[in-house]
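A.B. asks: Give me coordinates for this.
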Amino acid sequence: VGLLAGMPEATIGQCLRERIRPMDGARVLVATLKAQGCHTVLVTGGFHAFADPVAAMLGFERVVGNRLAVSDGNLTGTLDGPIVD
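C.D. replies: Numbering: from 1, shown residues only. Here you go, the predicted structure:
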């Protein structure tokens, strides 16, 4: 996380647009689980900034992950809140 210090927060959006793609079948899996009454949670040791848009895209009901700290539009190189593990 420390290596991200000073990176513009907008880089996250660029990465989401250019690099992040759902796995084949992911939407169907989440929809099938929900149709069977399961509560769907995306759990990651990664970051909400990436996981939240992916979870919304796939239909997850909740996300558990780490939050990157941002100040003045730049990542600080720290987390906002405790480490999720």
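
A.B. asks: how near is the residue with the largest distance to the centre of the chain to D24?
C.D. replies: Ranked by distance from the centre of the chain (C-alpha atoms, centre = their mean), the top residue is Q36, with 24.5 Å. Counting by C-beta to C-beta, to the nearest Å, the gap from Q36 to D24 is 20 Å. Backbone N, C-alpha and C define where each C-beta goes, glycine included.

A.B. asks: Then P8?
C.D. replies: Counting by C-beta to C-beta, the gap from P8 to D24 is 32 Å.

A.B. asks: repeat for V84
C.D. replies: Taken as C-beta to C-beta, the span from V84 to D24 is 27 Å.

A.B. asks: And these two? Which one has more around it.
C.D. replies: V84 (15 against 8; other C-beta atoms under 10 Å).

A.B. asks: these two touch, right, the more buried one and G65?
C.D. replies: Yes. Proximity of V84 to G65 meets the contact threshold set by C-beta atoms under 8 Å, at 5.7 Å.

A.B. asks: Can you list the residue ranges for helices in this structure?
C.D. replies: Per DSSP state H, the chain carries helices over the ranges 10-19, 26-35, 48-58.

A.B. asks: Once you drop chain neighbours, what's closest to V70?
C.D. replies: Nearest residue to V70 in three dimensions, chain neighbours excluded: E9, at 5.1 Å (C-beta to C-beta, 6 or more residues apart in numbering).
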